[in-house]
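Participant: Model the structure of this input:
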Amino acid sequence: MIRSKYRLLHLLIFGNPEKIATERYIVTSITFLVAVFLILLIVLHLILSLSFTAVTFAVIGVLLLVGYYLFVRLTNFYSIAKLLMTISGILMFDVLWYTDYMSNGPVLFFTFIYVGLVTWMWDGKWMIIFLCLFYIDLAFIGFVDANTPEALSDYPDHATKSIYLFLSLSALSILFVLLLYFIKAEYYRQKENVIKSDNLKSAFLANMSHEIRTPMNSIIGFSQLLEDETDSLIRGQYIKIILTNGENLLRLIDDIIDLSKIESGNLKITLSNVNINKLFSELNDLFLLELQKREKVNIRIEFSLPDENLYLTTDHLRLRQILSNLISNAVKFTSQGLIRISCEKNKQELLFRVSDTGVGILPENQPGIFDRFVRFDYHDMNREGSGIGLSIVQKLINLLHGRIWFDSLVGKGSNFYFSLPYIIDTNKYQLNNIMETDQQLKETKAKSLLLVEDVDSNALLIKESLRTLEIKIHHVNNGLDAIKFIEMNPETNLVLMDLKLPVMDGYEATRVIKKMNPNIKVIAQTAYAMVGDKEKAIESGCDDYLTKPIKIQSLQQLILRYISSS
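Facilitator: Residues are numbered from 1 along each chain as shown. Have a look, this model is predicted:
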């Protein structure tokens, strides 16, 4: 209890070192400690009736330090506070030197502390500049001291001198120890964080190696068996296994990318008005198929919503991802009974709930349920997954300014709740349905598409995927050939451009093609899926972006959208 109260007091005074910059944390600590140190000296001076002038200037110093402390603690402009502290430190040093009996007093020992602080707080040329200023100032007061009558620096008597010197030196040494302790503690904390991070990285690589190799083993193995198998029923089973493991592998890669984007602060939230009723309907269709695929016929899935259409301004993709992840977990850990997904208005929030009648979560496992790479295996039901899904869910909900919590009973099931701010922006309302009508399909027959892809197997896959659209597809394998083709065939309607190409990459080829024909549509298709890749493609002139592995339905819809309007 005492430790807990001490921690709360520490966080209140100095801030949380895990959440604020190290430099800011140290400056906050230093200003507070020095202010407390000066207050103690003032009290001792008054009790022992020592120099009243020193007390006056110490009070001024306390006021300055309290101002710096509040400035650093409550704002992000700690660099300004550092500058003011450094300059005022020199001025206060000169004043205290004069009032505390010049070189006969204890203030010169403060030079060790001041030089140490300047060396720590500043780097490069600024450290050199402030140290030079301080030593110039030290030389100046040394000259003044050498030419000052001895009477100005004399103590009233020997007893006062002894008390003053030893009291001040003791106080300065305590301050020096405290500052060293704080800096040393921060060093060890940072060192432990680096070791912890390194261990997490090693665990992550080991975990990911296992998670990637597991589906790859099935994909490669059954692909080899498929080559020699003639029985159509067995071939169908093999194909189903290959597709399932391919989807698991893609889901794992997407999770890794999402986690890296979130933790680096580069995940962008795109707001639009989401029709919750329509989203629930899509998820219902999706997970009915999932239950059939898993052969869990004893489970009933139920989506519950208010009667009226319910809209929410949020990120459609991320909301779908959150719900899909929670429902997938419910499906995974439930053998029979009911999975119920609901949404209701609750004051200024929309409250979502995903409940199941599954195995539940053991009490000892509940505190770590949202930790990364944590995977609890109940009754051998959790063979798939990397243990980062719920961590991503929690982080996504935080990004959407919501909150998540749960309750669970072993053998009875679990209830996961999350709430999002209930916001509707009518300016963002849009319906993003792509209508694949017969008329659109007829129009595509007269269209032509240039496929720029250097891997023959990928080119064949795209051609086969678009065969039903009956588009004229021309294929080249580098950016330079793509430019030459467009020069000779300016009537081409659409370019499907890989970005990593030999001879000339897709970025440069797109820029040249867009200069030749600004009206031609270019869709980037690439394995690049990290932060900034999409933006880089759009900046080069691409009209849209697809990441590999490309989903056939998404590819067909995107081609229909652009080629029918060209």
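
Participant: Confirm that H475 sits in a helix.
Facilitator: No - assigned with DSSP: H, G, I helix; E, B strand; the rest coil, H475 falls outside any helix and is strand.

Participant: Could I get the phi/psi values of V177?
Facilitator: V177 has phi and psi values of phi -60, psi -40 when expressed as degrees, to the nearest 10.

Participant: what residue ranges in the stretch 151-300 of the chain score low on pLDDT?
Facilitator: Within the stretch 151-300 of the chain, the ranges that satisfy pLDDT under 70 run 197, 200-211, 264.

Participant: Report the helix or strand with the lowest average pLDDT across the protein.
Facilitator: In the chain, no helix or strand scores lower on mean pLDDT, DSSP states H and E than helix 438-444, which sits at a mean of 49.

Participant: which element follows it toward the C-terminus?
Facilitator: Reading on from helix 438-444 to the C-terminus, the next helix or strand found by DSSP states H and E is strand 448-452.

Participant: quick one: buried residues of the helix or strand immediately after that next one in the chain?
Facilitator: Going down the chain from strand 448-452, the next helix or strand is helix 456-465, by DSSP H and E. For helix 456-465, a neighbour-count test (16 or more other C-beta atoms under 10 Å) marks 458-459, 461-462, 465 as buried. Quick note: C-beta positions are derived from backbone N, CA and C, even for glycine.

Participant: Just list what helix 456-465 packs against, helices and strands only.
Facilitator: If contacts are counted by 3 or more C-beta pairs under 8 Å, 6 or more residues apart in numbering; DSSP states H and E, helix 456-465 sits against strand 448-452, strand 472-476, helix 552-563.

Participant: and E344, which of these is closest to it?
Facilitator: For these, the distance to E344 is smallest for helix 552-563, at 32.0 Å, taking C-beta to C-beta.

Participant: V393: neighbouring residues, count only.
Facilitator: Using other C-beta atoms under 10 Å, V393 has 22 neighbouring residues.

Participant: In terms of residue numbering, what are the domains of this protein?
Facilitator: 10-195, 272-428, 438-563 (automatic domain parsing).

Participant: okay, M504: pLDDT?
Facilitator: The model reports M504 with a pLDDT of 91.

Participant: Now do it against T547, distance only.
Facilitator: 21 Å (C-beta to C-beta, to the nearest Å).

Participant: Tell me which strands whichever strand or helix holds Y417 pairs with, and in which orientation.
Facilitator: With elements taken from DSSP H and E, the one containing Y417 is strand 413-421. Strand 413-421 has its sheet partners listed here by DSSP bridges as strand 349-356 (antiparallel), strand 403-409 (antiparallel).

Participant: which non-adjacent residue is nearest the residue nearest the centre of the chain?
Facilitator: Centroid check for the chain by C-alpha atoms, centre = their mean gives E263 as the closest residue, at 2.3 Å. Of all residues not flanking E263 in the chain, K395 sits nearest, at 7.8 Å (C-beta to C-beta, 6 or more residues apart in numbering).

Participant: how many other residues sit next to the one you found?
Facilitator: By other C-beta under 10 Å, neighbour count at K395 equals 20.

Participant: Tell me the backbone dihedrals of it, please.
Facilitator: phi -70, psi -40.

Participant: Just list the residues touching it, thanks.
Facilitator: 259, 262-263 (C-beta atoms under 8 Å, 6 or more residues apart in numbering).

Participant: Please apply the same query to I174.
Facilitator: F37.

Participant: Quick check: the gap between it and H10.
Facilitator: 19 Å.

Participant: Quick check: which element contains I239?
Facilitator: Using DSSP H and E, I239 falls within helix 232-263.

Participant: Excluding chain neighbours, what is closest to F109?
Facilitator: Counting by C-beta to C-beta, 6+ apart, the residue nearest F109 is L172, at 5.4 Å.

Participant: burial count for that neighbour?
Facilitator: Residues near L172, counting by other C-beta under 10 Å: 18.

Participant: I'd assumed T111 was in contact with it.
Facilitator: No - contact criterion C-beta atoms under 8 Å: L172 and T111 do not qualify, at 10.4 Å.

Participant: mind listing what I538 touches?
Facilitator: Applying C-beta under 8 Å, 6+ apart, we find I538 in contact with Y545.

Participant: thinking again about what came up before, where's the residue nearest to F109 relative to L108, distance?
Facilitator: Counting by C-beta to C-beta - L172 and L108 are separated by 10 Å.

Participant: before we move on, what about P306?
Facilitator: Applying C-beta to C-beta to P306 and L108 gives a distance of 77 Å.

Participant: Could you list the low-confidence segments of the chain?
Facilitator: 1-5, 18-19, 197, 200-211, 264, 307-308, 372-387, 425-446, 528-533, 565-566.

Participant: which residues in it form strands?
Facilitator: With DSSP state E as the criterion, the chain has strands at 272-275, 299-304, 311-314, 337-346, 349-356, 403-409, 413-421, 448-452, 472-476, 494-498, 521-526, 544-547.

Participant: for those, which one ends up most surrounded?
Facilitator: Of all those, strand 494-498 has the most neighbours on average by mean count of other C-beta atoms under 10 Å, namely a mean of 26.

Participant: orientation of that one relative to strand 472-476 in degrees?
Facilitator: 30 degrees (axes from the mean of the first three to the mean of the last three C-alpha atoms, to 10 degrees).

Participant: which other helices and strands contact strand 494-498?
Facilitator: With contacts defined as 3+ C-beta pairs under 8 Å, 6+ apart, the packing partners of strand 494-498 are strand 448-452, helix 479-488, helix 506-516, strand 521-526, helix 552-563.

Participant: Dump that strand to PDB, keeping only the CA atoms.
Facilitator: Extracted in PDB, the C-alpha atoms of strand 494-498 (Å, rounded to 0.1, in the frame of the first residue of the first chain):
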ATOM      1  CA  LEU A 494      -6.200   1.100 -68.000                       C
ATOM      2  CA  VAL A 495      -2.800   0.100 -66.700                       C
ATOM      3  CA  LEU A 496      -2.300  -2.400 -63.900                       C
ATOM      4  CA  MET A 497       1.200  -1.500 -62.800                       C
ATOM      5  CA  ASP A 498       3.600  -3.500 -60.600                       C
END
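
Participant: Show me how far that strand is from its chain's centre.
Facilitator: Computed by C-alpha atoms, centre = their mean, to the nearest Å, the chain-centroid distance of strand 494-498 equals 32 Å.

Participant: now the residue lying closest to T86 once chain neighbours are set aside: how far from N16?
Facilitator: Spatially, and ignoring its direct neighbours in sequence, T86 is nearest to F130 (5.3 Å; C-beta to C-beta, 6+ apart). Computed as C-beta to C-beta, the F130 to N16 distance reads 29 Å.

Participant: Which one's more surrounded, these two?
Facilitator: Neighbours were counted for F130 and for N16 using other C-beta under 10 Å; F130 has more, 23 against 11.

Participant: Restrict the strand holding Y417 to CA atoms and write it as PDB.
Facilitator: Below are the C-alpha coordinates for strand 413-421, written out as PDB (Å, rounded to 0.1, in the frame of the first residue of the first chain):
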ATOM      1  CA  GLY A 413     -18.500 -18.200 -22.100                       C
ATOM      2  CA  SER A 414     -17.200 -14.700 -22.600                       C
ATOM      3  CA  ASN A 415     -18.600 -11.200 -23.200                       C
ATOM      4  CA  PHE A 416     -16.500  -8.700 -25.000                       C
ATOM      5  CA  TYR A 417     -17.700  -5.100 -24.900                       C
ATOM      6  CA  PHE A 418     -16.400  -2.000 -26.700                       C
ATOM      7  CA  SER A 419     -17.800   1.500 -27.100                       C
ATOM      8  CA  LEU A 420     -17.200   4.200 -29.600                       C
ATOM      9  CA  PRO A 421     -18.200   7.800 -29.600                       C
END
